[in-house]
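1. heads up, no residue letters with this:
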């Protein structure tokens, strides 16, 4: 009997033990996988100017740090749980172990909606961005969905293979995109920015200026993907050590990177001018700064690496969804065929194929509806995913506390009580901010915001009802 089965409550005792997947991913590999999903260059090039313009302007770096602290508190319990429950289902299995099969199935349904939505949105942004890049260099102007289809094919091929192959690709792409941002940041700091070096961005007055709620909301969206560390536990060399370390490291690296980079861009334009400048040219602000402080070559390279950043995020989310499907399939919460593992690659190949098929369906649906790939497909799906992942993390925070209180397998007060509760309270506060500003996040109307909110509830309810029917 496995540790997970021995410690599970009565209605979760049939959770299957991990088996079949093969991989030798270490801490660095898991970090590459999850940080790539956060798409750092995409957040800096796309979300950051919007945060400057309609959020709290020069206080954006502080917003990133606030969110990083909340997520680190959440990660304490999350990491502690990963030492006792190892499964590709992560959120689903954690919630099931702490709150029971019905709530866990609702979380699984919501997780699939969340990750499928964000990946579909990135396909829209990636297709449009790649087309703009090609036409900018004199290439043919073709429909965005053709480029999205090409990227989808590449992701499907890599996702079908062993996880080690995808990790190597993501490692190279991530180093390149972080590297170019680092070059720009160093150049800005070395030249003293527009008005010299100051720490105004990290003062309480800067954080509370403008609309701090919107700044925090977009900061949370920039972190989406970090929580996937536990998904790769079965393919890690030493999951009980690798997953906790990778979780802490991923949150810390993402938080420090975003805070430092956003602070540098504030200095580059000036604390007093950054909000106005971002409002005038949100799409070109970051590239204009790169051109000014490093040169045109850096700006051009950054635009190219923006595409590779999006591709890395697509592959990372593809891997995460395929492993969720694997977990659901082998635990009889989805068709059993999804629980199969490739004999030679040791990968969740059926789940990978199913995920690719769902991406094709979603992208095709938006294409046939004539939707804009950025303003509608990407913006709407990103907002939906942000809301979904916040609800999931709150459920996990509650489940972690319940699990350790019931089983007593870990009696460390900070790891199993204090930090999880503080993190969950912080996530509730962030969720309130997101709901209060959700119409802004999706860039749409109030009725559309309410429709997406209802969709999150319906997705959870569908999974829970399915579990009730299976039990009956």
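-> That came through fine. Since the model is a prediction, treat every value here as computed from it, not as a measurement.
2. Give the other helices and strands that the helix or strand where residue 119 lies contacts.
-> Here residue 119, judged by DSSP states H and E, is contained in helix 101-136. Using 3 or more C-beta pairs under 8 Å, 6 or more residues apart in numbering; DSSP states H and E, the elements in contact with helix 101-136 are helix 91-99, helix 144-160, helix 296-330, helix 349-368, helix 379-407, helix 446-471. (Glycine included, C-beta is placed from N, CA and C.)
3. what inclination does that helix have with respect to helix 379-407?
-> 150 degrees (axes from the mean of the first three to the mean of the last three C-alpha atoms, to 10 degrees).
4. next one: helix 101-136 to chain centre, how far?
-> Distance, stretch centre to chain centre, for helix 101-136: 10 Å (C-alpha atoms, centre = their mean, to the nearest Å).
5. do the same with stretch 391-402
-> On C-alpha atoms, centre = their mean, the centre of stretch 391-402 falls 17 Å from that of its chain.
6. Run through who's touching that stretch.
-> 74, 77-78, 80-81, 91, 94-99, 103, 107, 110-111, 114, 227, 416-417, 420-421, 423-424, 427-428, 431, 456, 460 (C-beta atoms under 8 Å, 6 or more residues apart in numbering).
7. filter these to the buried ones?
-> Among the contacts of stretch 391-402, those scoring as buried are 74, 77-78, 80-81, 91, 94-99, 103, 107, 110-111, 114, 227, 416-417, 420-421, 423-424, 427, 431, 456, 460 (criterion: 16 or more other C-beta atoms under 10 Å).
8. so where's the stretch 201-350 of the chain shaky on pLDDT?
-> Scanning the stretch 201-350 of the chain for pLDDT under 70 picks out 233-236, 334, 339, 342-347.
9. That one: helices as residue ranges?
-> Counting by DSSP state H, counting those that start in this stretch, the stretch 201-350 of the chain has helices at residues 204-207, 212-223, 239-269, 274-280, 285-293, 296-330, 349-368.
10. Looking at those, which is nearest to residue 186?
-> helix 239-269 (8.4 Å; C-beta to C-beta).
11. Next up, identify which helix or strand residue 193 is on.
-> Assigned by DSSP H and E, residue 193 falls outside every helix and strand.
12. Leaving out the residues flanking it, which one is nearest to it?
-> residue 267 (3.2 Å; C-beta to C-beta, 6 or more residues apart in numbering).
13. same thing with residue 375?
-> residue 443 is the one closest to residue 375 (C-beta to C-beta, 6+ apart), at 6.4 Å.
14. Could you pull up phi and psi at the one you found?
-> Here is the backbone geometry of residue 443 (degrees, to the nearest 10): phi 60, psi 30.
15. so what's it up against?
-> Residue 443 makes contacts with 375, 379, 380, 383, as judged by C-beta under 8 Å, 6+ apart.
16. from memory the third one sits against residue 448, does it?
-> What it means is residue 380. Yes: between residue 380 and residue 448 there is a contact under C-beta atoms under 8 Å: 7.4 Å.
17. Look at those two and report which has more neighbours.
-> Counting neighbours by other C-beta atoms under 10 Å for residue 380 and for residue 448 shows that residue 380 has the greater number, 25 against 16.
18. looking at this, residue 85 is in a strand?
-> No: under DSSP: H, G, I helix; E, B strand; the rest coil, residue 85 falls outside any strand and is assigned coil.
19. And it, its phi and psi?
-> Backbone torsions of residue 85, given as degrees, to the nearest 10, read phi -130, psi 110.
20. dump the residue contacts of residue 193.
-> 264, 267, 268, 270.
21. before we move on, the earlier item: so which of the helices and strands packed on helix 101-136 comes closest to residue 44?
-> Nearest to residue 44, of those and by C-beta to C-beta, is helix 296-330 at 9.0 Å.
22. what angle sits between the closest one and helix 101-136?
-> 150 degrees.
23. Return the set of buried residues in helix 296-330.
-> By 16+ other C-beta under 10 Å, the buried positions in helix 296-330 come out as 298-303, 305-330.
24. centre of the chain versus it, how much separation?
-> 10 Å.
25. which other helices and strands contact it?
-> helix 27-38, helix 40-42, helix 91-99, helix 101-136, helix 144-160, helix 163-191, helix 285-293, helix 349-368.
26. Would you mind finding the most buried of those helices?
-> helix 91-99 (a mean of 28; mean count of other C-beta atoms under 10 Å).
27. can you give me the mean pLDDT across that helix?
-> For helix 91-99, mean pLDDT is 89.
28. Go ahead and name everything in contact with stretch 283-291.
-> By C-beta under 8 Å, 6+ apart, stretch 283-291 touches 44-45, 48-49, 52, 180, 184, 188, 265, 268-269, 277-278, 281, 298-299, 302-303.
29. Measure how buried residue 445 is and give me the count.
-> 10.
30. Now the phi/psi pair for it, please.
-> phi -90, psi 170.
31. ok, now which ones touch it?
-> Residue 445 makes contact with residue 439, according to C-beta under 8 Å, 6+ apart.
32. for the one 10 residues further on, same thing?
-> Contact analysis of residue 455 by C-beta under 8 Å, 6+ apart lists 113, 384.
33. Which pLDDT value belongs to it?
-> With respect to pLDDT, residue 455 scores 96.
34. Do I have it right that residue 383 meets residue 442?
-> Yes: between residue 383 and residue 442 a contact is recorded at 3.5 Å, counting by C-beta under 8 Å.
35. More neighbours: which of those two?
-> Counted by other C-beta under 10 Å, residue 383 and residue 442 do not tie: residue 383 has more neighbours, with 26 against 21.
36. Now do that one against residue 376, distance only.
-> 11 Å (C-beta to C-beta, to the nearest Å).
37. so who does the closest residue to residue 115 other than its chain neighbours touch?
-> Nearest non-adjacent residue to residue 115, counting by C-beta to C-beta, 6+ apart: residue 321, 4.9 Å away. Residue 321 makes contacts with 112, 115, 116, 119, 351, 355, as judged by C-beta under 8 Å, 6+ apart.
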